[in-house]
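>>> give the three-dimensional model of this entry:
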Amino acid sequence: MHCPHHAAARCHSCTELARPYAVQLAAKQAHCQSLLAMHAGIDWLPPVESAESGFRNKAKMVVSGTAAAPVLGIRDEAGQGVDLTDCGLYPPSLQACFPAIAAFIRQATLDPYDLATRRGELKFVLLTEAPDGALMLRFVLRSEATIARIVKHLPSLRAALPKLAVVSANIQPEHKAVLEGPREILLGEQTRLVVRVNDISLHLRPQSFFQTNTAVAAALYAQARDWIAECAPAAVWDLYCGVGGFALHAAGAGRVVTGVELEAEAIASARQAAADAGITAIDWVAADATAWAQAQATSAELVIVNPPRRGIGAILSQRLEAATTTRWLIYSSCNAESLARDLALMPSFQPRRARLLDMFPQTRHYEVIVLLERVSSSKMA
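A predicted model of the protein is given here:
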């Protein structure tokens, strides 16, 4: 992929762009295998490749410049705005939305937040696209001062972007490098973006997490579903379940699934997705995954974990190690280093199969999913 911004040193986000894609993928595979080299006998499945460009379903754009001449993109080292509306990581359908958003900023006179003076209101625009073209747009604001103007002019934005489904304002008043704040204000009747992944329709609320590469996410969920079908467990836990991607793919006849997620909004979205799919044998729990697992008297036959980059940590690793009723573990990781640390704390589990999924082309980051089987019983009670 050729990028004029990378070539001109205006953007350094794609750290691996100068390397051919096949070389990038091979390096990621070698890195992952080296981190798990202490586990003998892993059946490494072929890596899941991604499109080299146009694969991102979400744009996170810093807004700089002025209300009359807004710049959507990033800030350079000097704090100046760099226009990235033609970034090659975005598909043409997303790129086509940015002129309408810039025009709306001008129309509603939304002053971009200025880091030096700490003045202005609009910090970021976050745009997400579903496979069917439906859009969710979030304005990250310093305060509620401009919400009335946004609402007033929304009809013109919806006319320019007919597939705009969900619009919200996120309030982030602090002067620090934080993308968004805890408070979200919906600016329309529709509250969720429906994202079809395989045969499941996931419901994303404005603050819901979802992978930025829909096609590779579909392959990730499909791989987990295939392994679960082979193991045929009667009960499954999906810890860190988010909006329910793994749990919904794990559902099956005669199987009880429990999805656990700290964010109550994500659980609400997961419940709606299950209801739409007619799936009833799933229990949804809004709780901290580690605390919830520790509080259970027993454990499921198969446990899925899909933690943030820090991994599941020592407490949950030791809980799973001690849970002799758990025969299989599926660990999906976006950080193979924390994965390796966690697996070292669970010696009773042997990795049987693993697969790298290239969720983030042009960078060194990747996703890896591992199927582990208990081969010995822990001495812990």
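
>>> C-alpha only now, for contacts and for neighbours.
Will do.

>>> nearest residue to K163 in space, ignoring adjacent ones along the chain?
Computed as CA to CA, 6 or more residues apart in numbering, the closest residue to K163 that is not its neighbour in sequence is A134, at 4.9 Å.

>>> list the contacts of the one you found.
Applying CA atoms under 8 Å, 6 or more residues apart in numbering to A134 gives the contacts K163, L164, A165, L193, V194.

>>> just send these back as a markdown table, with secondary structure and distance to I315 too.
Below are the contacts of A134 laid out as a markdown table (DSSP: H, G, I helix; E, B strand; the rest coil; distance: CA to CA, whole Å):
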| residue | secondary structure | distance to I315 |
| --- | --- | --- |
| K163 | coil | 45 |
| L164 | strand | 43 |
| A165 | strand | 41 |
| L193 | strand | 35 |
| V194 | strand | 35 |
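
>>> buried subset of the residues you listed as a ChimeraX selection?
Filtering those down to the buried ones (16 or more other CA atoms under 10 Å) takes a single ChimeraX command:
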select :164,165,193,194
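
>>> residue boundaries of the helices in this protein?
For the chain, the helices defined by DSSP state H cover 4-7, 21-35, 92-95, 98-107, 147-160, 214-231, 245-250, 264-277, 289-295, 313-322, 336-344.

>>> buried deepest among those, which one?
Of the helices of the chain, the one with the most neighbours on average (mean count of other CA atoms under 10 Å) is helix 245-250, at a mean of 25.

>>> how about the CA coordinates for it, as PDB?
The C-alpha coordinates for helix 245-250 follow below in PDB (Å, rounded to 0.1, in the frame of the first residue of the first chain):
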ATOM      1  CA  GLY A 245     -19.400 -12.000  19.900                       C
ATOM      2  CA  PHE A 246     -17.800 -15.200  21.200                       C
ATOM      3  CA  ALA A 247     -20.800 -16.100  23.500                       C
ATOM      4  CA  LEU A 248     -23.300 -15.800  20.600                       C
ATOM      5  CA  HIS A 249     -21.100 -17.900  18.400                       C
ATOM      6  CA  ALA A 250     -20.700 -20.500  21.200                       C
END
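
>>> hmm, back to that, which of the contacts of A134 sits closest to F104?
Nearest to F104 among these: L164, at 13.3 Å, using CA to CA.

>>> how near is the residue nearest to the closest one when sequence neighbours are not counted to A218?
Excluding the flanking residues, the one nearest L164 by CA to CA, 6+ apart is L135, at 4.6 Å. In this view, L135 and A218 are 19 Å apart by CA to CA, to the nearest Å.

>>> ok, N57 to Q29 distance?
From N57 over to Q29 (counting by CA to CA), the distance is 24 Å.

>>> hmm, I was thinking of P351
16 Å.

>>> can you check T15 too?
Counting by CA to CA - T15 and Q29 are separated by 17 Å.

>>> what does A22 give?
11 Å.

>>> next: A160.
For A160, the distance to Q29 - CA to CA - is 43 Å.

>>> what does M38 give?
15 Å.

>>> and stretch 31-42, how far out from the chain middle?
The chain centroid and the centroid of stretch 31-42 are separated by 25 Å under CA atoms, centre = their mean, to the nearest Å.

>>> can you check stretch 295-313 too?
18 Å.

>>> picking that back up, including mean pLDDT, could the helices of the chain go into a markdown table?
What follows is the helices of the chain, written out as a markdown table (pLDDT from 0 to 100):
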| stretch | mean pLDDT |
| --- | --- |
| helix 4-7 | 90 |
| helix 21-35 | 98 |
| helix 92-95 | 97 |
| helix 98-107 | 98 |
| helix 147-160 | 97 |
| helix 214-231 | 98 |
| helix 245-250 | 97 |
| helix 264-277 | 93 |
| helix 289-295 | 96 |
| helix 313-322 | 96 |
| helix 336-344 | 97 |
